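Novice: this is a predicted model, with the sequence first.
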Amino acid sequence: MEALVLLFLILVFGFFSFPLYSYFVLVGAFSFAFCDVEVIFWSIFIVLGAVFLIPSLRLELISSKLVSFINKKGLLPKISATEEAALQAGTNWVEADFFKAQVNFKEINAQKVTILTKEEQDFLDNEVNQLCEMTTDWEIFQERDLRADVWQFIKDKKFFGMIIPKEYGGLGFSATAHSRVIEKLVSRSQVLAITIMVPNSLGPAELILKHGTLAQKNKYLSDLAHGIQVPCFGLTEPNAGSDATSITSNGVVFKDKKGELKIKLNFEKRYITLGNIATLIGLAFVLKDPEHLLGDIEDLGITFAVIDSKTKGLDNSRRHDPLGIPFINSPLYGKDVVIDIQNIIGEKDGIGKGWQMLVESLSIGRGISLPSVSLGGSKLALNVVASYSQLREQFGLSINYFEGVEEKIAKIAAFSYMLNSARNYTLDAIDDGVKPGVINSIMKYHATEKFKTVINDAMDVMGGSAIIRGENNLLAHAYFAIPISITVEGANILTRNLMQFGQGLIKSHPYIYTEITALKNNNVKGFDKAFFAHIALVFNAFCKSLIYYFTRAKLNFQKSEFKRYKQKLTWVSSEFTLLTNLALVILGPSLKKRENISARFGDILSNCYLITATLREFENNPNEQDKNLVDYICNYCFNEIQIAREEIISNIGFIGFLLPLAKINPFSIKAKDKLNAKIVKNLNNQDYLKSLTSSLFISSNEKDRLNVIQEAVKQNKECETSFKKLKESIKNESIKKDSFENMTNELLEKNILTFEEIEKMKKAHALKQEVISVDSFEANEYKEKR
């Protein structure tokens, strides 16, 4: 009995992270008071206490031996130069807490919320709306380009200069404003959004702004902001895609006839957005100095430069056709292209720093641009599907009453709310000065993957209306384009299997990077401090996991509407920390190569973030109807975490025996079917649907497709009672089932409905028929369509 009490007290000490000496005090006092122990016990106890509690003894007898053993056996992963640059590129943020068996909800809720300035909001309400009114997605596809006046408007209104500070002629917008612009544009046309998105993420402006010399900033930024220069960025090559460090484009330093230092470039790039029309080309290449004109080093590493597109030997005349989506995407070729050292971003100081610049800049696309495209597309799909499903009838019922359709619509609504929550949380942090590299990878992966699910489900619900292209189809082109988002900025397979957890483990774990650095430098004292803190963290995670497992985390005190989800999130964080460190012990450095294991850990980490963002969003903007969406999202994410938990346990060495324990006490299961019905019922309220999709562009043209859909729903709701009487009259055989015209005439003749009610019904019915109609073309006309 005494042993059980002692064990319980040790677990309590571990749960509250008591310091090491307190365990010796506890065991010593407990043994003295309750146990009849011999001198040999006290001798061993005193020796162990001295070894572990006296720093000099511990360093000599334990830590120095450990450093030698670990280095000899290679038990910790090594960090390459490219990995080191990636680790240094961003900052740790909320994800670091999940590696510490804790979740700090006070800090999460304290994250500053970005409020758009009047200038930013006015730009959204005016310039962005004007741009959307100027063209349509269908027109862009038919022309295979933007009209000349649309291009000019984009340049004149500085759409390419959103991230460029006002001092250089740009708009100087926040990350949140940047995102809102892209989000609204994509609801009009993905081509519009992509065209404006790319120059404001990865490209010359971003790189010059952060790494260029003052002279380069003065020379280029104002022209880029005003659209005088159109930029592109040449990175990807035939044999260097996700692995950007494999680029073979090369530059060689030489002296020209005047004795001036020059660089001769040879390159082949592909998938370059805006490449065909770019006037200023950013280029990544490997710089070599075989004649040692710049110093002793011959291989100077990846370097970035900006090049005038008219430079001799540069060819940007061709275009790709990315799944028929007519945004400008091109290959770039260079044969003996000669540039000055001054073309290098940062000039001489920028030589060899291209990889570091790249990993810093890629996070913009991952954290801001691509999530904004996915969010805008998801909100458009939600609005269209939720409205259409109320109007479309099968078997005498609106299709949104069928459980299978309810399931799809509820998922679309929940994913849209989740993406919006995660976008807001991420951008609030970025605008507050955080550079969340790990979270940006999570955002890129989940935004694009969730949008893929959304658009696939939307196509399923819409049926024939979704697969017939034409002006009336608002979703088909988004469906075509989703593979592009999934592919760019690092393929999603890479992002899930290597980046989310693989980068996060070393970067965000509180001790691993310090331990690796200490081992590399043979710093025994630094290793000792980190290692024993690491052991304490693992024991803390073990104690928390055990206690939370048996209590289902109900002992964890939390406040707020969704305190149960907060309790579970803390439980998940504890098990995540424990499993992570168990995997390190069992697999060692090979954990980096176990991509599927890494992917599943990434699933836990990323779903923890999605839950966190969702709970924060609701607390910042509480709405009674949103509670159903929060319930759906949290149950969905915890279920995904449970799946990953089971698969990790199944695939890591000897711990497979724990699988039954994980199965009988799951974090969660998917939400019940009745929740789908509640969500869809709320979506039938147009005001609520409008609030969830408030950032969409709605044209002032009453004949615009989205306007017609909204008006059709409104009018059919106003005639709901009349349509119900029509159906009841058919059912009780008061009238014959016939054409709509004949049935309404009979309703009027029999005084079942008034003339005014009939006329209103006819208008509503006509609009409904317009919404469910699809485009068709004369055969000759069809052949001319694109």
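Specialist: Noted; the coordinates are in hand. Numbering: from 1, shown residues only.

Novice: could you spell out which stretches of this protein belong to which domain?
Specialist: Domain ranges of the chain: 2-53, 103-108+497-683, 130-355, 361-493, 702-784, per automatic domain parsing.

Novice: need the winner for burial among these.
Specialist: Each of those was given a mean neighbour count from mean count of other Cβ atoms under 10 Å, and the largest, a mean of 22, is that of domain 361-493. All C-beta spots, glycine's among them, are computed from the backbone N, C-alpha and C.

Novice: follow-up on the earlier one: the domains of the chain: which one's closest to I70?
Specialist: Distances from I70 to each of the domains of the chain were compared by Cβ to Cβ, and the smallest falls on domain 103-108+497-683, at 6.1 Å.

Novice: could I get the domains of the chain as JSON lines with mean pLDDT?
Specialist: Below are the domains of the chain laid out as JSON lines (pLDDT from 0 to 100):
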{"stretch": "domain 2-53", "mean pLDDT": "89"}
{"stretch": "domain 103-108+497-683", "mean pLDDT": "94"}
{"stretch": "domain 130-355", "mean pLDDT": "94"}
{"stretch": "domain 361-493", "mean pLDDT": "93"}
{"stretch": "domain 702-784", "mean pLDDT": "92"}
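
Novice: as TSV, those with distance to Q88 would be great.
Specialist: Converted to TSV, the domains of the chain look like this (distance: least, Cβ to Cβ, whole Å):
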stretch	distance to Q88
domain 2-53	29
domain 103-108+497-683	9
domain 130-355	11
domain 361-493	10
domain 702-784	45
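
Novice: go through these and name the closest to S63.
Specialist: Checked against Cβ to Cβ, the stretch from the domains of the chain lying closest is domain 103-108+497-683, at 3.8 Å.

Novice: please compute how far the closest one lies from its chain's middle.
Specialist: Shown here is domain 103-108+497-683, whose average C-alpha point lies 18 Å from the average C-alpha point of the whole chain (Cα atoms, centre = their mean, to the nearest Å).

Novice: stretch 763-777 now?
Specialist: Averaged C-alpha coordinates place stretch 763-777 at 37 Å from its chain's average position (Cα atoms, centre = their mean).

Novice: going forward, count from 56.
Specialist: Yep, numbering from 56; the last one is stretch 818-832 now.

Novice: give me the residues contacting that stretch.
Specialist: Stretch 818-832 is contacted by residues 442-443, 446-447, 519-520, 523-528, 763-764, 766-767, 770-771, 773-774, 778, 795, 840 when judged by Cβ atoms under 8 Å, 6 or more residues apart in numbering.

Novice: tell me the phi and psi of V393?
Specialist: Per-residue torsions, V393: phi -100, psi 130 (degrees, to the nearest 10).

Novice: contacting residues around it?
Specialist: With contacts taken as Cβ under 8 Å, 6+ apart, V393 has the following neighbours: D311, K317, I318, K319, L320, T366, K367, G368.

Novice: for E801, same thing?
Specialist: Taking Cβ under 8 Å, 6+ apart as the criterion, E801 is in contact with I790, K791, D793.

Novice: redo those as TSV? Include secondary structure and distance to K466.
Specialist: Listed next are the contacts of E801 as TSV, based on DSSP: H, G, I helix; E, B strand; the rest coil; distance: Cβ to Cβ, whole Å:
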residue	secondary structure	distance to K466
I790	coil	39
K791	coil	41
D793	coil	39
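
Novice: need the contact list for the residue positioned nearest the centre of the chain.
Specialist: The geometric centre of the chain, computed from its C-alpha atoms, lies nearest to M498 (Cα atoms, centre = their mean), at 1.3 Å. By Cβ under 8 Å, 6+ apart, the residues touching M498 are R421, G422, L425, P426, A477, R478, T481.

Novice: what sits closest to the fourth one if chain neighbours are left out?
Specialist: Spelled out, that is P426. Closest residue to P426 in three dimensions, ignoring its sequence neighbours and counting by Cβ to Cβ, 6 or more residues apart in numbering: A502, at 3.8 Å.

Novice: again with the first one
Specialist: With Cβ to Cβ, 6+ apart as the measure, K499 is the residue that lies nearest to R421, at 3.7 Å, once sequence neighbours are left out.

Novice: and the one you found, how close does it get to L430?
Specialist: Distance, K499 to L430, using Cβ to Cβ, to the nearest Å: 12 Å.

Novice: and for K718?
Specialist: K718 sits 35 Å away from L430 when distances are taken as Cβ to Cβ.

Novice: ditto for V60
Specialist: As defined by Cβ to Cβ, V60 lies at a distance of 54 Å from L430.

Novice: helix, strand, or coil at F605?
Specialist: Counting by DSSP: H, G, I helix; E, B strand; the rest coil, the backbone at F605 sits in helix.

Novice: which SSE is the residue nearest to the centre of the chain in?
Specialist: Assignment of secondary structure by DSSP states H and E places M498 within helix 492-517.

Novice: how far does that helix sit from the chain's center?
Specialist: Relative to the centre of its chain, helix 492-517 is centred 8 Å away, using Cα atoms, centre = their mean.

Novice: strands along the stretch 306-455 of the chain, start to end?
Specialist: If DSSP state E, counting those that start in this stretch is used as the criterion, the strands of the stretch 306-455 of the chain fall at 316-328, 335-343, 354-363, 369-370, 384-395, 448-449, 452-453.

Novice: tell me which of these lies nearest to G581.
Specialist: Of the strands of the stretch 306-455 of the chain, the one closest to G581 (Cβ to Cβ) turns out to be strand 354-363, at 28.7 Å.

Novice: would you map the helices across the stretch 706-841 of the chain?
Specialist: 714-719, 728-738, 741-747, 760-773, 775-786, 795-804, 810-827, 834-839 (DSSP state H, counting those that start in this stretch).

Novice: could I get the third one in CSV with only the CA atoms?
Specialist: Below are the C-alpha coordinates for helix 741-747, written out as CSV (Å, rounded to 0.1, in the frame of the first residue of the first chain):
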residue,chain,number,x,y,z
GLN,A,741,-29.9,33.9,-45.6
ASP,A,742,-28.6,36.4,-43.1
TYR,A,743,-26.6,33.7,-41.4
LEU,A,744,-25.2,32.4,-44.7
LYS,A,745,-24.3,35.9,-45.7
SER,A,746,-22.4,36.4,-42.4
LEU,A,747,-20.4,33.3,-43.0
